[in-house]
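Student: with the sequence up front, the predicted model follows.
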Amino acid sequence: MNSEITSAILEITFSRLLVFIVPFLFLLMITLFSEEMIDLIYKSVKRR
């Protein structure tokens, strides 16, 4: 009984918050990827 209530609460919470979490994670991934790309370009230019 208790696990069913917990499962229902988690399901409702994540189904409603997923709309807000997914764009945030997408922006975070883009930021981290672009930071690595900028660092790679900077290092390759600096070597020359």
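Tutor: Received, thanks. Numbering: from 1, shown residues only.
Student: what's the distance between Asn2 and Val45?
Tutor: 59 Å (Cβ to Cβ, to the nearest Å). (Each C-beta comes from the backbone N, C-alpha and C, glycine too.)
Student: so where's this structure uncertain?
Tutor: Across the chain, the ranges flagged by pLDDT under 70 are 1, 48.
Student: and the helix or strand hosting Ser34, what does it pack against?
Tutor: Assessed by DSSP states H and E, Ser34 sits inside helix 2-47. Here helix 2-47 touches no other helix or strand, going by 3 or more Cβ pairs under 8 Å, 6 or more residues apart in numbering; DSSP states H and E.
Student: gap between the spatially most central residue of the chain and Val19?
Tutor: By Cα atoms, centre = their mean, the chain has its centre lying nearest to Leu25, at 2.3 Å. From Leu25 over to Val19 the distance is 12 Å, taken as Cβ to Cβ.
Student: before we move on, what about Met29?
Tutor: Taking Cβ to Cβ, one finds Met29 at 17 Å from Val19.
Student: again with Leu32
Tutor: The value you get for Leu32 to Val19, if Cβ to Cβ is used, is 22 Å.
Student: please apply the same query to Arg47.
Tutor: 44 Å.
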